[in-house]
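Undergrad: below are the sequence and a predicted model for it; my questions follow.
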Amino acid sequence: MVVDLPPEESGDLSAAAARHGLDLIRLIAPTTSAARRRQILAGASGFVYLVAVEGVTGVRDDLPEHLAGLIGTLRQETDLPLAVGFGVSRPGHVRAIATAGADAVVVGSAVVRVIGESPGGGEEMVQAVRDYVAGMTGRP
């Protein structure tokens, strides 16, 4: 993912990625207009990363009410898998995003927080991340 590269300036990188069998993951923000989404999706491959919240990434208590509608809209606009992230930190967030039709949920900042709060490192840290992810998904 190259998060600050506009599609109209991505020609060289897109061509190089394609030559090497790599996907250039495109981001769509909640503020992206319909016309801009079409432009972004036209050059997308691999999957599309939907930014769930306005602002910066990080743990949030709640996700925006309009998120499910935006996921539904993107489902109609692309057949690519849809990953949703930014602000996702609770099991209820994961359930809501999955129910709305997303294919993947990204919990990067929340996992970084778990790592930072883990006493020691190594296997204890790995187990803390496993436990967190299991709690997010409802799976052992």
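TA: Thanks, I have it. Numbers count the residues shown, from 1 in each chain.

Undergrad: how about the strands in this structure?
TA: Using DSSP state E, the strands of the chain run over 26-28, 48-51, 82-85, 104-105.

Undergrad: okay if I get those strands as TSV plus distance to Gly116?
TA: Every residue, glycine included, has its C-beta placed from N, CA and C. Shown next, in TSV, are the strands of the chain (distance: least, C-beta to C-beta, whole Å):
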stretch	distance to Gly116
strand 26-28	25
strand 48-51	23
strand 82-85	18
strand 104-105	20
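
Undergrad: tally of neighbours for Glu77?
TA: 16 (other C-beta atoms under 10 Å).

Undergrad: please shift the residue numbers so they start at 226 in all later answers.
TA: Got it, the first residue is 226 from now on, which makes the last one we talked about Glu302.

Undergrad: sorry, back to before: wait, which of the strands of the chain is closest to Glu348?
TA: Among those, strand 329-330 comes nearest to Glu348, with 25.3 Å by C-beta to C-beta.

Undergrad: mean confidence score for that closest one?
TA: Strand 329-330 carries an average pLDDT of 92.

Undergrad: ok, back up a step: got the strands of the chain as CSV, with mean neighbour count and distance to Glu234 columns?
TA: Below are the strands of the chain laid out as CSV (neighbours: other C-beta atoms under 10 Å; distance: least, C-beta to C-beta, whole Å):
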stretch, mean neighbour count, distance to Glu234
strand 251-253, 22, 13
strand 273-276, 22, 18
strand 307-310, 22, 23
strand 329-330, 16, 27
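
Undergrad: for Ser235, which of those is the nearest?
TA: strand 251-253 (8.8 Å).

Undergrad: partner strands of that closest one, with direction?
TA: strand 273-276 (parallel) (DSSP bridges).

Undergrad: so for the strand it pairs with, mean pLDDT?
TA: So the average pLDDT for strand 273-276 ends up being 92.

Undergrad: using CSV, write out every CA atom in stretch 312-321.
TA: C-alpha atoms of stretch 312-321 as CSV (Å, rounded to 0.1, in the frame of the first residue of the first chain):
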residue,chain,number,x,y,z
GLY,A,312,-10.6,2.8,14.1
VAL,A,313,-11.6,-0.9,14.4
SER,A,314,-10.8,-2.1,17.9
ARG,A,315,-13.8,-4.1,19.3
PRO,A,316,-15.5,-7.4,18.6
GLY,A,317,-18.7,-5.4,17.8
HIS,A,318,-16.9,-3.5,15.2
VAL,A,319,-15.7,-6.7,13.5
ARG,A,320,-19.3,-8.2,13.6
ALA,A,321,-20.8,-5.0,12.1
